[in-house]
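J.: The sequence and its predicted three-dimensional model are supplied below.
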Amino acid sequence: MNPIIECIPNFSDARRPEVVAAIRQSIADVPGAHVLDQHSDLDHNRTVITFAGSPEAVEEAAFCAIAKAAELIDLDQHRGEHPRIGATDVVPFVPISGITMQDCVEIACRLGRRVGEQLGIPVYLYEEAASRPERKNLENLRRGQYEGLKEEILTNPERQPDFGPCRLGAAGATVIGARFPLIAYNVYLTTDDVSIAKKIARAVRFSSGGFRYVKALGLLVDGRAQVSMNLTNFRETALARVVEFIRSEAQRYGVGIHHSELVGLIPEDALIDAAVWYLQLDPFEPDQILERRMRVVIGEQGTVDSGQLSVVSSSLGLQPIGGLSSASRSQSQVPYPASPAYFLDALANDSPAPGGGSASAYSGAAAAALVSMVARLTIGRKKYAGVEAQMQAILERAEVLRAELTAAIEADAAAFEAVLVAYKLPKNKPEEVKQRDEAIQAALLEAARVPLQVARQAVEVMGLAVEVVTHGNLNAISDGATACAQGGAALTGAGYNVRINAAGLKDPAEVKRLMGTLDQLEVQAAAHEEAVRQALVQRGGMLV
């Protein structure tokens, strides 16, 4: 089994979508590192990005993200509810499979030294990687926050970092470590009285007499009192019991739980434990869960391959077990949006993202996949030996485009969500209005650039489709033509998204550039479509 490691860095910005997008892209650009989740909180002014992959890829992606955050975030200008000491505040590594905690500790130490030496950022090691007992707990390292540490690091030997200089720049310091899976969970109360949240946080957290493996703060978020928690060992301290304790404490003050919120990802077992507790399923066994039973039984008996299993899962409306096959992963190296059925369900629900832009990227990826299929059906056939080198080149390029368009499914949704975040920024003061307007413009520009790139890639796929229809296996000529049609649909849909976002931009030169590029792509696409029609008539006598 290939080793898999997870990393969940916290960045001190959420109010500038373009900054968050740049940090996220710096992670996604590292081959073998896959972004799994992003959570931005405007009141906290903090973003948590979860990614996973091979140890080497994740370590490199973490360094790239820290460097990008240091470039874009100035803590002297940062304000937010959540405690922080750095632009990249904390970087934990979590072993998932085929890797030990000690391996993660070594990665944390190696990354810490590199960040200190190459970026000049002070680094503290925490949790399992802590260099001394008092540094194991993150709250000890965050004492005084950035402003306090900026002064204390100069004079107090106890605050000297494990790596890097004994001074803080605008990027602050970074805490790096290794830990077991953690659940970041917030409970919102039916009151705006933050003092109640602080009292409940004091009662629930271990450091002041509460539950073991629970850390908690009382905050005011979105005008509502919030108990913000980290559960560091859900097996020893169950999530459901913590929630019910908070409910009981809230009743003491005449309030209740309004709703709760998960920050980032959660282990499957934690949700199962909560369901068992609330439903009182005392005789329950985990293998009574359909997906788990399928994983075990089908995996052990080997009765179907991973592709068949994906079909079974899709027919049940489930995410495929184990994700992509190893062959598909090696070709695309990007996270796939679960199964077609799952993605279509996501399109059909009442969330604005994923939407038309993601659907266009999906169509483009399908077009590239069809081109790859026709190329593979041509390669190795004696009849087509004269074009084998050409088909090999087409196949390689089509697979690159398929990977890029697949990644764009998620990227388009993230870009649109950034627009929504920008429009929710406060506008009560003149400086807030200015900051909000700048954020909206930056987010709209990114939301236009992403589908424009999809449009470019779709047109390139259409050009490859012309080649496989003209020179490829005659038995798959209609599949090549379908690839061109799918690429055309991707271009059209992406074009709508470029136009709607460009309409909100205030820079006429930028709008002209975007629309000029789109117009050129549409002309190229029309030429590709005509070339496919001509090839169909000439090679197959097909009615068009």
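T.: Perfect, I can see it now. Just so we're clear, the structure is a prediction, and the values are computed from it rather than from any experiment.
J.: Give me the pLDDT for residue 433.
T.: What the model reports for residue 433 is a pLDDT of 89.
J.: could you say what helices and strands the helix or strand hosting it packs with?
T.: Under the criterion DSSP states H and E, the helix or strand holding residue 433 is helix 430-471. In this structure, helix 430-471 packs against helix 17-28, helix 356-378, helix 388-423, helix 477-502, helix 508-540, with contacts taken as 3 or more Cβ pairs under 8 Å, 6 or more residues apart in numbering; DSSP states H and E. (Glycine included, C-beta is placed from N, CA and C.)
J.: any low-confidence regions in the stretch 251-400 of the chain?
T.: For the stretch 251-400 of the chain, the stretches with pLDDT under 70 are 295-342.
J.: for it, what spans make up the strands?
T.: Shown for the stretch 251-400 of the chain, the strands assigned by DSSP state E, counting those that start in this stretch span residues 257-263.
J.: So residue 127 sits against residue 92, correct?
T.: Yes: in this structure, residue 127 sits in contact with residue 92. The criterion is Cβ atoms under 8 Å, and the distance is 6.8 Å.
J.: Which residues are in contact with each of the two?
T.: Taking Cβ atoms under 8 Å, 6 or more residues apart in numbering as the contact criterion, the common neighbours of residue 127 and residue 92 are 177, 178, 179.
J.: Drop anything exposed from these.
T.: 177, 178, 179 (16 or more other Cβ atoms under 10 Å).
J.: The last one and residue 121: what is the separation?
T.: For residue 179, the distance to residue 121 equals 20 Å [Cβ to Cβ, to the nearest Å].
J.: likewise the second one?
T.: Applying Cβ to Cβ, one obtains 19 Å for the distance of residue 178 from residue 121.
J.: so can I have TSV of the shared contacts of residue 127 and residue 92 showing secondary structure and pLDDT?
T.: What follows is the shared contacts of residue 127 and residue 92, written out as TSV (DSSP: H, G, I helix; E, B strand; the rest coil; pLDDT from 0 to 100):
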residue	secondary structure	pLDDT
177	strand	96
178	strand	95
179	coil	91
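J.: I'd like to know which of these is nearest to residue 283.
T.: Minimum distance to residue 283 across those is 33.1 Å, recorded for residue 179 (Cβ to Cβ).
J.: show me the contacts for that closest one.
T.: Counting by Cβ under 8 Å, 6+ apart, residue 179 makes contact with 92, 93, 94, 127, 128, 232.
J.: farthest pair in those residues?
T.: The widest separation within these, taken as Cβ to Cβ, falls between 93 and 232 and amounts to 14.6 Å.
J.: Specify which residue of those two has the higher count of neighbours.
T.: When residue 93 is set against residue 232 and neighbours are counted by other Cβ atoms under 10 Å, the residue ahead is residue 93, at 30 against 20.
J.: Packing partners of whichever strand or helix holds that one?
T.: Under the assignment given by DSSP H and E, the secondary-structure element containing residue 93 is strand 88-97. Counting contacts by 3+ Cβ pairs under 8 Å, 6+ apart, the secondary-structure elements packed against strand 88-97 are strand 4-7, strand 10-11, helix 55-72, helix 101-114, strand 174-178.
J.: Quick one, which of the ones you listed gets closest to residue 141.
T.: Ranked by Cβ to Cβ, the member of the helices and strands packed on strand 88-97 that lies closest to residue 141 is strand 174-178, at 5.3 Å.
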